[in-house]
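1. missing the sequence, but the structure's below:
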Ligand SMILES: CC(C)(COP(=O)(O)OP(=O)(O)OC[C@H]1O[C@@H](n2cnc3c(N)ncnc32)[C@H](O)[C@@H]1OP(=O)(O)O)[C@@H](O)C(=O)NCCC(=O)NCCS
């Protein structure tokens, strides 16, 4: 059983896009609140990832990837804040582990690698949001992220349930 975590450059990331689209479609179909609604077409999912390429090339977005036995099984994006008055802050986005590979520690390894890269970039504050009461929110709380509160009725889940959203931060 061989697994690895890596941070892709744009060329490596581009090759993974069809598989990353499958992982996004899988999450949306499972009811995750990750921007999109089920059913999500392969092309629309691929377009989302293609849209990250400019940030990756510019060095403002870092795609952290989990591979298991040569296959991509998870991803999380580290996205530096664009604003000149927030040079120390980044967002975490699209933390996704394919449903067949969950509860094996892949997301934990992805976040650890993301935090390591964020520190090496001189960043000190990570922020993001997650569906209130979700497995993802529990996952982040377990890793020491601070939940600052919930806005009710913020966004629909992939399968159409209106959910609250919690906002999180971590000082690293
Ligand atoms: C959230 C997600 C990324 C977790 O990935 P994962 O690889 O299964 O997470 P890990 O195996 O590293 O989990 C570590 C710990 O977090 C907690 N955790 C993870 N998923 C959980 C869940 N669904 N419910 C409750 N706790 C959970 C557990 O304490 C777990 O440890 P354990 O398995 O020993 O009990 C994954 O469930 C996922 O992709 N969900 C759909 C997409 C999504 O909602 N993304 C988040 C957007 S904000």
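-> Happy to help now that I have it. The model shown is predicted, which means the values in this text are computed figures rather than measured ones.
2. Can you give me the neighbour number for whichever residue of the chain sits closest to the ligand?
-> Closest contact between the chain and the ligand, by CB to the nearest ligand atom, is at residue 135 (2.1 Å). All C-beta atoms are positioned from the backbone trio N, CA, C, and that covers glycine. The local packing of residue 135 (other CB atoms under 10 Å) involves 13 other residues.
3. for the longest helix along the chain, packing partners?
-> In the chain, taking DSSP state H as the definition, the longest helix is helix 10-29. When contacts are defined as 3 or more CB pairs under 8 Å, 6 or more residues apart in numbering; DSSP states H and E, helix 10-29 sits against helix 42-50, helix 53-58, strand 61-68, strand 71-80, strand 89-97.
4. Make a markdown table from those and add mean neighbour count and mean pLDDT to it.
-> Formatted as a markdown table, these follow (neighbours: other CB atoms under 10 Å; pLDDT from 0 to 100):
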| stretch | mean neighbour count | mean pLDDT |
| --- | --- | --- |
| helix 42-50 | 16 | 99 |
| helix 53-58 | 15 | 98 |
| strand 61-68 | 22 | 99 |
| strand 71-80 | 21 | 99 |
| strand 89-97 | 21 | 98 |
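5. can those go into JSON lines with extra columns for distance to residue 152?
-> Formatted as JSON lines, the helices and strands packed on helix 10-29 follow (distance: least, CB to CB, whole Å):
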{"stretch": "helix 42-50", "distance to residue 152": "26"}
{"stretch": "helix 53-58", "distance to residue 152": "31"}
{"stretch": "strand 61-68", "distance to residue 152": "30"}
{"stretch": "strand 71-80", "distance to residue 152": "26"}
{"stretch": "strand 89-97", "distance to residue 152": "22"}
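6. coming back round to it: what residues sit buried inside the longest helix of the chain?
-> Under the neighbour-count criterion of 16 or more other CB atoms under 10 Å, helix 10-29 has 10, 13, 16-17, 19-21, 23-28 buried.
7. before we move on, back to that, give me every residue that touches the residue of the chain closest to the ligand.
-> Residues near residue 135 by CB atoms under 8 Å, 6 or more residues apart in numbering: none.
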